[in-house]
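>>> need coordinates for the below:
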Amino acid sequence: MPETQTSPRADLLPLSQRSGLVKPGIIGALTIAALAVPLSFNDYWINSIMIPMLVMGIAGVGLNLLMGFTGCVSIGSAAFMAVGAFSAYNLLLRVPVLPLPVVIILAGLIAAVFGVLFGLPSLRIKGFYLAASTLGAQFFFEWLFTNFSWFCNDNLSLTITAPRLELFGMDLKSVHGRYMIVSVTTLALVALAYSIVRSRIGREWIAVSDMETSATVIGIKVRARKLLAFGISSFYCGIAGVLWGFCYLQTSNAHSFDLDKSFEILFIVIIGGTASIFGNFIGAAFIVLTPIFLNLAVVGLGLTEHVNIGITTNLQRVLFGAMIVYILIKEPDGLYKLLQRAAAALSGACRRLRVTA
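Predicted coordinates for the structure are as follows:
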């Protein structure tokens with residue numbers, strides 16, 4: 001009998017194809033969305049929803065490059081956000097000649113250096129033990145920025161506020177100015193992430209994640225690739241910390257980047273989808289919008305007298321936990337893959353309708 005050609009199974013395809021990494025159209029769509037948001041939404045939506053969603057998405061991309069592509073686990077992402085925020089604050093304050101884009105990049109590089117230092121344990125341990133060791137960064141930097149007032153210019157409240165947010169003489173402290181900083185930075189970092197993942201570095205990360213021993217045998221410098229992953233991941237988190245502290249909160253302290261924030265970033269990666277760039281923004285949207293929808297539901301159902309903020313917070317955690325359990329069991333690739341399948345099914349249904357018509 002003649003052989004029939006069948007398409008390869010999805011689970012046997014390379015990870016880069018399974019994850020939908022080669023999506024240059026996504027960057028174009030994000031660019032159009034970034035330009036359209038200021039014209040379509042009011043200040044509340046921009047300041048309270050769009051800015052935090054994009055910033056948390058950047059942090060999710062950073063952790064996903066480390067966890068989803070390299071296979072290393074970290075629970076200290078918020079620590080490097082704090083390093084980025086405090087570094088940018090001191091650079092703006094003590095070196096006023098530096099332009100804002102340079103400050104943001106330098107803050108990310110400083111966070112990357114510390115990320116490599118705290119990534120050294122990954123050369124000998126992995127899995128749960130590596131995740132536990134990264135907690136050291138979380139506790140260390142929170143202690144450092146809380147107990148040494150030099151980092152916040154000897155402010156008794158231990159808070160930092162951006163001394164200036166301007167570029168080429170333009171004041172960017174307004175809602176639209178801060179959104180412009182966040183959106184342009186997001187587009188640049190997303191494009192960079194896609195370039196890294198599609199490069200030799202990304203392919204070697206995937207090889208290390210799939211089978212570290214085999215990667216060593218074929219000549220990949222596993223130790224160097226792991227440390228590079230920690231550095232790039234911390235670079236992204238450091239820039240996210242700058243944007244979180246100056247473009248969203250505007251006034252922050254060490255506790256603004258606590259362990260809860262690290263877990264939120266981890267939830268973003270799990271819910272959005274590991275080994276996915278765009279999925280991080282879906283996960284960030286879920287994290288940001290869930291509390292808002294819960295509050296609207298409480299008000300809409302007239303339960304404000306019976307449901308306080310503590311109950312709402314607990315419900316939020318229950319929803320996050322239930323979503324994570326569901327995704328880990330039913331859809332390990334996250335909401336991004338789920339939406340891809342739904343879009344493919346809808347497209348197929350539309351084609352069948354056109355054929356029958």
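
>>> what residues are up against the closest residue to K173 other than its chain neighbours?
Nearest residue to K173 in three dimensions, chain neighbours excluded: L165, at 5.0 Å (C-beta to C-beta, 6 or more residues apart in numbering). Where you see a C-beta, it was placed from the backbone N, CA and C, and this is true even at glycine. L165 makes contact with 100, 171-173, 177-178, 181, 246-247 under the criterion C-beta atoms under 8 Å, 6 or more residues apart in numbering.

>>> what residues does the host helix or strand of T313 touch?
Element membership for T313, per DSSP states H and E: helix 309-330. For helix 309-330, the external contacting residues (C-beta under 8 Å, 6+ apart) are 267, 270-271, 286-287, 290-291, 294-295, 298, 334-335.

>>> any weak-confidence spans in the stretch 201-350 of the chain?
Confidence mapping of the stretch 201-350 of the chain against pLDDT under 70 gives the ranges 307.

>>> all strands for it, in order.
251-252 (DSSP state E, counting those that start in this stretch).

>>> thinking again about what came up before, between the contacts of helix 309-330, which is closest to I239?
Nearest to I239 out of the contacts of helix 309-330 is I287 (C-beta to C-beta; 18.5 Å).

>>> picking that back up, report the two of the contacts of helix 309-330 separated the most.
Farthest-apart pair in these is V298 and G334; separation 27.8 Å (C-beta to C-beta).

>>> and the two? Which one has more around it.
Comparing V298 with G334 by other C-beta atoms under 10 Å, the one with more neighbours is G334, at 26 against 18.

>>> once you drop chain neighbours, what's closest to that one?
G273 (2.5 Å).

>>> so which helix or strand takes in the closest residue to S234 other than its chain neighbours?
Nearest residue to S234 in three dimensions, chain neighbours excluded: G115, at 2.4 Å (C-beta to C-beta, 6+ apart). Taking DSSP H and E as the definition, G115 sits inside helix 100-118.

>>> now do the buried residues in that helix.
If you call a residue buried by 16 or more other C-beta atoms under 10 Å, then helix 100-118 has these buried ones: 100, 103-112, 114-116, 118.

>>> for stretch 216-227, same thing?
220, 222, 225-227.

>>> distance to S149 added to those residues, as CSV?
CSV is the format used below for the buried residues of stretch 216-227 (distance: C-beta to C-beta, whole Å):
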residue, distance to S149
I220, 45
V222, 41
R225, 39
K226, 35
L227, 32
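
>>> which one of these is nearest L158?
Closest to L158, out of all of the buried residues of stretch 216-227 and judged by C-beta to C-beta, is L227, at 31.8 Å.

>>> how near is that closest one to N42?
Here L227 is placed at a distance of 44 Å from N42 (C-beta to C-beta, to the nearest Å).

>>> and for M323?
For M323, the distance to N42 - C-beta to C-beta - is 29 Å.

>>> more neighbours: which of those two?
The neighbour comparison of M323 against N42 (other C-beta under 10 Å) goes to M323, with 18 against 9.

>>> rewinding a little: make a ChimeraX selection of the buried ones in the contacts of helix 309-330.
To isolate the buried ones among those in ChimeraX, judged by 16+ other C-beta under 10 Å, type:
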select :267,270,271,286,287,294,298,334,335
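
>>> nearest to T186, of the contacts of helix 309-330?
I287 (15.9 Å).

>>> wait, the closest one sits on V269?
No - the criterion here is C-beta atoms under 8 Å, and I287 misses it with V269 at 10.7 Å.

>>> what angle separates the helix or strand containing V190 from helix 100-118?
Using DSSP H and E, V190 sits within helix 175-198. With axes from the mean of the first three to the mean of the last three C-alpha atoms, to 10 degrees applied, the angle from helix 175-198 to helix 100-118 works out at 50 degrees.

>>> helix 175-198 - contacts with which helices or strands?
helix 24-40, helix 51-67, helix 222-243 (3 or more C-beta pairs under 8 Å, 6 or more residues apart in numbering; DSSP states H and E).

>>> before we move on, what SS does P163 have?
Following DSSP: H, G, I helix; E, B strand; the rest coil, the label given to P163 is coil.

>>> state the distance from the residue nearest to K173 to S87.
For L165 relative to S87 (C-beta to C-beta), the value is 16 Å.

>>> M180 now?
22 Å.

>>> more neighbours, the two?
Set M180 next to S87 and count neighbours by other C-beta under 10 Å: S87 wins out with 23 against 18.

>>> wait, a strand at that one?
No - read with three-state DSSP, S87 is helix and lies in no strand.

>>> how far away is it from L93?
Applying C-beta to C-beta, the value for S87 to L93 is 11 Å.
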